[in-house]
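1. kindly return the folded structure for what I paste below:
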Amino acid sequence: MILELSVQAQDDSIDAVPVMASTSAESTMKPIKHYHFPLSGHSHRVELMLSLLELPVEVVFVDLAKGAHKKPEFLAINAFGQVPVIDDDGVVLADSNAILVYLAHKYGQGRWLPTDPIGAARVQRWLSAAAGPIHAGPATARLITVFGAAYNAEDVIARSHALLKVVDQELSHSPYLAGDTPTVADIAGYTYIAHAPEGNVSLEDYANVRAWLARIEALPGFVGMPRTVIGLQKTA
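-> Numbering: from 1, shown residues only. As a prediction, this is how the structure comes out:
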């Protein structure tokens with residue numbers, strides 16, 4: 001099974017590992033617990049946001065391959081049995097997009113999430129896209145190849161390219177999804193689009209998308225998600 005080959009073996013289903021991901025914030029706040037699986041794009045959204053904000057983090061590995069996300073101790077913090085989850089000094093939140101909004105509001109110092117009506121609506125549009133067509137397209141295409149999910153690959157790849165055409169057109173007008181500066185919209189959209197080739201979805205025809213990905217990757221504090229050598233990545 002690809003999943004088992006791609007993740008380093010763990011003795012326990014849930015394993016906490018402190019990560020030194022911040023600078024001055026480390027001495028003034030407790031680390032935020034991030035319940036995480038390395039190959040989950042949803043988890044990576046949160047990992048990336050935490051790193052960009054230079055927040056102290058304690059990574060709690062949740063072994064999806066062993067069903068740790070469906071055990072009672074995990075369901076007690078997220079009844080949906082999904083990663084990611086964060087615990088910020090007793091504030092426990094699930095859902096990657098909800099966590100991005102929380103982190104941006106609390107720690108973003110006015111960046112990452114506009115508060116004006118137009119800016120907020122533009123960001124929400126892309127958060128909805130992340131939960132909708134990005135999930136149904138590139139994320140699901142990757143589920144097929146990386147995790148062996150039973151979806152129709154031809155249909156999913158077609159949906160992915162329909163999405164990417166829209167994203168590429170939108171990015172011809174602005175450097176980031178919601179305007180001239182990066183926001184949580186970009187963080188929500190980045191991972192599954194960047195890893196689309198793992199699901200046999202080529203980015204070759206989308207120059208604006210590729211330039212946008214490069215801009216995200218150039219942000220101070222950027223961290224990537226591990227790539228699996230599968231799909232179009234076999235020849236990358």
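
2. lowest-scoring secondary structure element of the chain by mean pLDDT?
-> helix 2-6 (a mean of 33; mean pLDDT, DSSP states H and E).

3. confirm H34 sits in a strand?
-> Yes: H34: assigned to a strand according to DSSP: H, G, I helix; E, B strand; the rest coil.

4. and the pLDDT at it?
-> Looking at H34, its pLDDT reads 98.

5. can you list the domains in this protein?
-> Per automatic domain parsing, the domain ranges recorded for the chain read 2-107, 117-235.

6. helices of the protein, residue ranges please.
-> All helices of the chain, identified by DSSP state H, fall at 2-6, 41-52, 72-75, 96-107, 117-131, 133-134, 140-147, 153-170, 184-194, 207-217.

7. lowest average pLDDT across these?
-> helix 2-6 (a mean of 33).

8. in the chain, which residue is closest to the centre?
-> R45 (2.6 Å; CA atoms, centre = their mean).

9. contact partners for the residue nearest to that residue when sequence neighbours are not counted?
-> Nearest residue to R45, sequence neighbours excluded (CB to CB, 6 or more residues apart in numbering): S96, at 4.5 Å. All C-beta atoms are positioned from the backbone trio N, CA, C, and that covers glycine. Counting by CB atoms under 8 Å, 6 or more residues apart in numbering, S96 touches H42, S43, R45, V46, P84, A188.

10. can I get the residues you listed in JSON lines with distance to I157?
-> Formatted as JSON lines, those follow (distance: CB to CB, whole Å):
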{"residue": "H42", "distance to I157": "21"}
{"residue": "S43", "distance to I157": "24"}
{"residue": "R45", "distance to I157": "22"}
{"residue": "V46", "distance to I157": "27"}
{"residue": "P84", "distance to I157": "26"}
{"residue": "A188", "distance to I157": "21"}
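
11. for D89, give its distance to L55.
-> Noted for D89: a distance of 12 Å to L55, by CB to CB, to the nearest Å.

12. who has more neighbours out of the two?
-> Of the pair D89 and L55, L55 is the one with more neighbours under other CB atoms under 10 Å, namely 22 against 10.

13. isn't the more buried one right up against K30?
-> No: between L55 and K30 there is no contact under CB atoms under 8 Å: 10.3 Å.

14. please report the distance of the residue nearest to L50 when sequence neighbours are not counted from S51.
-> With sequence-adjacent residues excluded and distances taken as CB to CB, 6+ apart, L50 is closest to V57, at 5.2 Å. Counting by CB to CB, the separation of V57 from S51 is 8 Å.

15. and W212, by the same measure?
-> In terms of CB to CB, W212 sits 19 Å off from S51.

16. between the two, which is the more surrounded one?
-> Just comparing W212 and S51: by other CB under 10 Å the higher neighbour count belongs to W212, 25 against 18.

17. highest mean neighbour count out of the helices of the chain?
-> Most buried of the helices of the chain by mean neighbour count (mean count of other CB atoms under 10 Å) is helix 184-194; its value is a mean of 26.

18. mind giving me the packing neighbours of that one?
-> helix 41-52, helix 96-107, helix 117-131, helix 133-134, helix 153-170, helix 207-217 (3 or more CB pairs under 8 Å, 6 or more residues apart in numbering; DSSP states H and E).

19. just how off-centre is that helix within its chain?
-> Put simply, helix 184-194 sits 6 Å off its chain's centre (CA atoms, centre = their mean, to the nearest Å).
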